[in-house]
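Trainee: predicted model, plus sequence, below.
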2 protein chains.
Amino acid sequence: MAVTMNDVARAAGVSLKTVSNVLNDYEFIRPATKQRVQDAIAELGYEANLTARSLRSGKTRMLGLVLSDLSAPYYAELASRLMKAASQRGYRVLVEQSDAVADVEVNALQGPFRQLTDGLLFTPLVMEADEIAARLGKKPLVMLGEHILDPRFDLVTMKNEEAAATLTTHLVADGRRRIAVIGAHPEESGGTAGLRLNGYRRALEKAGIPFDPALIAPCEWRRDGGAAAVAGLLDRGVEFDAAFGLNDALALGAMHELLIRGFKVPEQVAVAGFDDIDEARFASPSLTTVSPGMAEIADRSIALLIDRIEGQETADQGVHVEAGFQLQVRESAP
Amino acid sequence: MAVTMNDVARAAGVSLKTVSNVLNDYEFIRPATKQRVQDAIAELGYEANLTARSLRSGKTRMLGLVLSDLSAPYYAELASRLMKAASQRGYRVLVEQSDAVADVEVNALQGPFRQLTDGLLFTPLVMEADEIAARLGKKPLVMLGEHILDPRFDLVTMKNEEAAATLTTHLVADGRRRIAVIGAHPEESGGTAGLRLNGYRRALEKAGIPFDPALIAPCEWRRDGGAAAVAGLLDRGVEFDAAFGLNDALALGAMHELLIRGFKVPEQVAVAGFDDIDEARFASPSLTTVSPGMAEIADRSIALLIDRIEGQETADQGVHVEAGFQLQVRESAP
DNA sequence: GGCATCTTCTGCAACGATGTATCGCAGGAA
DNA sequence: TTCCTGCGATACATCGTTGCAGAAGATGCC
């Protein structure tokens, strides 16, 4: 079997507890003793049993990350960064894909998944604030990139509305007047889609351009959704000189459909997205988009969650962090 | 604190072990007793403590997945599928990003990460077969999609060589004679890159086209690597009428560079990739590529690993699975 | 010298589950 | 009646670690 603390203790001629103390950096240990224990550890190749430690301490040093689908480029990159940030503070990340299914979200919040983790990074797609609050246990939870702005929860997000307004203003400055929005309902106002749509409307208003609900095309937030939405607009005879995909996948799907149908991008229709995934830079034409400061989102949310776990952050109300953003002007909408 | 088995036992008026027996589907329990225990569990909202169970049983019901970088589209999609497949058999997947750093790979193999998991899905990028064999513990390990074809290891991969040959033959059939390869060294023969290069060479040979090392452009397997490799070829004055990116990211980067420089794709230069990531379908022009049967790879590798863990697969030698593939002909290389 | 305090180390219990051994009680065979 | 077998349930030890309480010796202070 594996080497245990008992074996180390025997080899070093000290008690079990002394070995434990050495491992946990207990203050009062004679240097000579400490050395003897460390030598024994090295010689036997001892490694602490994390399961036993977890059982005893009640901590797993794992963070849960709940998102809809890891294969979406934005989430893949975010997960990758979160893992790296967590690892720097000695934590691991366990991912749960909800597929936007309510049951899975609920289970992540209070089921076995919760048990395995010391805290949660949560991207709720189905559950509402009250429901979450009701099922929220004692372990810390940080909301990620989503719309639920509620004093009960910590939240790390970006300036969705402001960024969408900036992007829209950029399109308007280029002379675009009929800007289609891909991925929202005309009446939407909550959620990521709603916030970005609000920014769009605010920018139009400021420019004195009337809002036309016919330009708003709802669809699934995937490449094929974006393509289908544009197809729908064109088939309905809706005219537009720009398309604003509420994320890059939507924009790229939309652009693809436009190019297939023989439209010139950006000459006839400008296309812009949101998220600045790696792919946006390498699309043809390259995609104008908003870079959401993902590094900042990842670092801040990990820091906040771990500070909550370790009791270094004690604010009664939810802490709200808004990461900055940057407009990335590229070929698709100069 | 949380409800324990002891609380349930007391509530149901039975012993601790009887509760355990009910939970583990022990055969000889009177239906009435079983019912009483189940009622108590439901009433108290008892949930088994996974950590305690792990400590006692030595199993965590977690699988480790070691790959270079989760933000690479291929790996993101693979990870997503692996998680879903694992979850169907009651396992979770814990991801470790190696960034192709040797230390991280070694640690994943024998460090704390190994301890947390019952088995490993391993994509070695740095370590060699002998090194892996030397550090391999007792827990099952399945190699994933990589080149190490060794009787000591289980391996799930795809027909890399055959697929690359098929793709090359397709390009040749379209009249291409000078096909650049993006992402390999001319002398390479092992590893994913080597296998695909072998397929390329075999197809050329069969068509009676001489192999020209000048057409082989090594680079990092990322979009920007592909772009840089093509830039290098063009700047060196190497002429070619097709570019075969050894994965889709490379091909898309290459295509981007070609389009920027005013080349017509596919009229002047055809472009083809490998992996059929979602993005390939929505690129402009859409990318001809090889679809590696990822669903099959994910399902088979999870099945194999779990069968090893649970003792249902007992072959002494490594089991080798080769998933099928499909040529996806699209606009970039008709 | 006597007492309090600090340093260094130890032993025991506990975290919450499962494995092993065992026990009482039926019912059937001898 | 006695012995045996199988069912249904139990008690106790155990997995490897950490928290708590305390012991023994060294040191400081009056």
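Mentor: Cool, the structure landed. All figures in this text were calculated on a predicted structure; none of them were measured in a lab.

Trainee: all contacts plus neighbour counts: C-alpha atoms, from now on.
Mentor: Noted.

Trainee: okay, strands next: where are they in the stretch 151-300 of chain A?
Mentor: For the stretch 151-300 of chain A, the strands defined by DSSP state E, counting those that start in this stretch cover A:154-158, A:179-182, A:216-217, A:242-245, A:270-272, A:289-291.

Trainee: where does the stretch 101-250 of chain A dip in pLDDT?
Mentor: Judged by pLDDT under 70, the stretch 101-250 of chain A has its weakly predicted residues at A:146-147.

Trainee: which bits of the stretch 51-200 of chain A sit near chain B?
Mentor: In this structure, the stretch 51-200 of chain A approaches chain B at residues A:51-52, A:54-55, A:69-73, A:76-80, A:93-95, A:97, A:112, A:115-116, judged by Cα under 8 Å from any Cα of the partner chain.

Trainee: quick check on residue A:118: phi, psi?
Mentor: For residue A:118, the backbone dihedrals (degrees, to the nearest 10) come out as phi -90, psi -20.

Trainee: next, count neighbours for it.
Mentor: 23 (other Cα atoms under 10 Å in any protein chain shown).

Trainee: quick one: residues contacting it.
Mentor: For residue A:118, the contact set (Cα atoms under 8 Å, 6 or more residues apart in numbering or on different chains) comprises A:59-64, A:139-140, A:309.

Trainee: okay, and which of these map to strands?
Mentor: Counted as lying in strands by DSSP state E, out of those, are A:62-64.

Trainee: shouldn't residue A:331 be in contact with residue A:269?
Mentor: No - taking Cα atoms under 8 Å as the contact criterion, residue A:331 and residue A:269 are not neighbours in contact, 11.6 Å apart.

Trainee: out of these two, which sits in the busier spot?
Mentor: Neighbour comparison, residue A:331 and residue A:269: the larger count goes to residue A:269, with 23 against 18 (by other Cα under 10 Å).

Trainee: quick check: the more buried one vs chain B, distance?
Mentor: 15 Å (Cα to the nearest Cα, to the nearest Å).

Trainee: please apply the same query to residue A:293.
Mentor: Relative to chain B, residue A:293 is positioned 16 Å away (criterion: Cα to the nearest Cα).

Trainee: next up, the contacts around the closest residue to that residue other than its chain neighbours.
Mentor: What sits nearest to residue A:293 in space, not counting adjacent residues and going by Cα to Cα, 6 or more residues apart in numbering or on different chains, is residue A:325, at 5.4 Å. Counting by Cα under 8 Å, 6+ apart, residue A:325 makes contact with A:158-159, A:163, A:290-293.

Trainee: let's see 7 Å
Mentor: Remark: with contacts taken as Cα atoms under 7 Å, 6 or more residues apart in numbering or on different chains, residue A:325 is in contact with A:163, A:290-293.

Trainee: looking at these, which is nearest DNA strand C?
Mentor: For these, the closest approach to DNA strand C (Cα to the nearest atom of the strand) belongs to residue A:293, at 40.6 Å.

Trainee: so which of the contacts of residue A:118 wins on neighbours?
Mentor: For those, the largest neighbour count, defined by other Cα under 10 Å, is 27 neighbours, found at residue A:63.

Trainee: hey, what's that one bridged with?
Mentor: Using DSSP bridges, the beta-bridge partners of residue A:63 come out as residue A:93, residue A:119.

Trainee: for it, give me the pLDDT.
Mentor: Reading off the per-residue confidence, residue A:63 sits at a pLDDT of 96.

Trainee: go ahead and confirm it touches residue A:119.
Mentor: Yes - using Cα atoms under 7 Å, residue A:63 is in contact with residue A:119, at 5.2 Å.

Trainee: do you know how far residue A:250 is from residue B:74?
Mentor: 19 Å (Cα to Cα, to the nearest Å).

Trainee: and what of residue A:317?
Mentor: From residue A:317 to residue B:74 the distance is 40 Å (Cα to Cα).

Trainee: neighbour count: those two, which is higher?
Mentor: When neighbours are counted by other Cα under 10 Å, residue B:74 comes out ahead of the other of residue A:317 and residue B:74, with 19 against 11.

Trainee: so what's that one up against?
Mentor: Contacts for residue B:74 (Cα under 7 Å, 6+ apart) come out as residue B:277.

Trainee: and if we set it to 10 Å?
Mentor: Under the criterion of Cα atoms under 10 Å, 6 or more residues apart in numbering or on different chains, the contact partners of residue B:74 comprise A:71, B:247-249, B:275-278, B:294.

Trainee: same deal with residue A:199?
Mentor: With contact set as Cα under 10 Å, 6+ apart, residue A:199 has these partners: A:159-169, A:205.

Trainee: mind checking the SS state of residue A:9?
Mentor: On the three-state scheme (DSSP: H, G, I helix; E, B strand; the rest coil), residue A:9 is labelled helix.

Trainee: neighbours of it, how many?
Mentor: Here the count is done by other Cα under 10 Å, and residue A:9 has 20 residues near it.

Trainee: please look at it and residue A:39 and confirm they touch.
Mentor: No - distance between residue A:9 and residue A:39: 11.1 Å, which falls outside the contact criterion (Cα atoms under 10 Å).

Trainee: how does chain A divide into domains?
Mentor: When chain A is parsed into structural domains using automatic domain parsing, the resulting residue ranges are A:5-48, A:60-158+A:294-324, A:160-292.

Trainee: and among those domains, the most buried is which?
Mentor: Each of these was assessed for mean neighbour count using mean count of other Cα atoms under 10 Å in any protein chain shown. The highest is domain A:160-292, with a mean of 21.

Trainee: any idea how far that domain is from the chain center?
Mentor: 21 Å (Cα atoms, centre = their mean, to the nearest Å).

Trainee: quick one: end-to-end length of it, please.
Mentor: Its start and end residues considered, domain A:160-292 measures 9 Å (Cα to Cα).

Trainee: can you pull the contacts of residue A:59?
Mentor: Neighbouring residues of residue A:59 by Cα under 10 Å, 6+ apart: A:50-51, A:53, A:115-119, A:309, B:51.

Trainee: again with residue A:179
Mentor: Listed by Cα under 10 Å, 6+ apart, the contact partners of residue A:179 are A:168, A:171-172, A:200, A:204, A:211-212, A:215-216, A:239-244, A:269-271.

Trainee: what's across from it in the sheet?
Mentor: As for beta bridges, residue A:179 partners with residue A:242 under DSSP bridges.
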